[in-house]
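Undergrad: A predicted structure for the sequence below; I have some questions about it.
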Amino acid sequence: MTNVFVNLPTTDLDRAKAFYTALGCELNPQFTDDNGACVVWDENVYFMVITREFFSTFTDLPIADPTRTLQVSVAFSRDSREDVDAIMAKGLAAGGAEPRPAQDYGFMYSRDLNDPDGNSLGFLFMEPRAAEVGPEAYMAEQAGVQS
């Protein structure tokens, strides 16, 4: 089993903790202090939300400003389109921003959410059949059903 730890810089640790707990995440107090917080997404995915000052001790490279430059976008699947919209509503209410309109590809529905620091999160629902046969075959099947 592999656990995933995503390190995200923040300019306001308390604000970041409030944002991620509003999305339904929990904080692991054993790995949370004044420098950062361990945000538990699920049993295998964790965000380490870290002050920019402490984050800069992990590298000799400059730390990107996520409000000006996209370095990475972390995407999470959801069980339905409604689940995508529900988590987006929570994120927007907690101070996040939606940088562009929802994307509906027929086989997949996705929305992007920037946390208050500008870090990019994506939420998507893909039709299970599309994941099985691929998007083109799924869309062809759907066209045949509608004919």
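TA: Arrived safely. Residues are numbered from 1 along each chain as shown.

Undergrad: show me the contacts for the residue nearest to the spatial centre of the chain.
TA: Centroid-nearest residue in the chain, with C-alpha atoms, centre = their mean: Leu121, separated by 2.8 Å. The contact partners of Leu121, by C-beta atoms under 8 Å, 6 or more residues apart in numbering, come to 73-76, 91, 96, 112-115. Every C-beta, even on glycine, is put in place using the N, C-alpha and C of the backbone.

Undergrad: could you rerun that using 7 Å?
TA: By C-beta atoms under 7 Å, 6 or more residues apart in numbering, Leu121 lies in contact with 74, 113, 115.

Undergrad: hmm, Tyr138 is touching Pro128, no?
TA: No: if you go by C-beta atoms under 7 Å, Tyr138 and Pro128 don't touch, sitting 9.6 Å apart.

Undergrad: count the residues that sit near Glu132.
TA: 10 (other C-beta atoms under 10 Å).

Undergrad: so it is in which element?
TA: For Glu132, the host element (DSSP states H and E) is helix 128-133.

Undergrad: show me what counts as buried in the helix or strand following that helix.
TA: Downstream of helix 128-133, the next assigned helix or strand under DSSP H and E is helix 135-146. For helix 135-146, a neighbour-count test (16 or more other C-beta atoms under 10 Å) marks 138-139 as buried.

Undergrad: let's see helix 135-146 as CSV, backbone CA atoms only.
TA: What follows is helix 135-146, C-alpha atoms only, in CSV (Å, rounded to 0.1, in the frame of the first residue of the first chain):
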residue,chain,number,x,y,z
PRO,A,135,-14.2,7.8,-23.3
GLU,A,136,-14.6,7.4,-27.1
ALA,A,137,-16.3,4.0,-26.8
TYR,A,138,-18.5,5.3,-24.0
MET,A,139,-19.6,8.3,-26.0
ALA,A,140,-20.3,6.1,-29.0
GLU,A,141,-22.5,3.9,-26.8
GLN,A,142,-24.4,6.9,-25.5
ALA,A,143,-24.9,8.1,-29.1
GLY,A,144,-26.3,4.7,-30.0
VAL,A,145,-28.7,4.8,-27.0
GLN,A,146,-30.0,8.2,-27.9
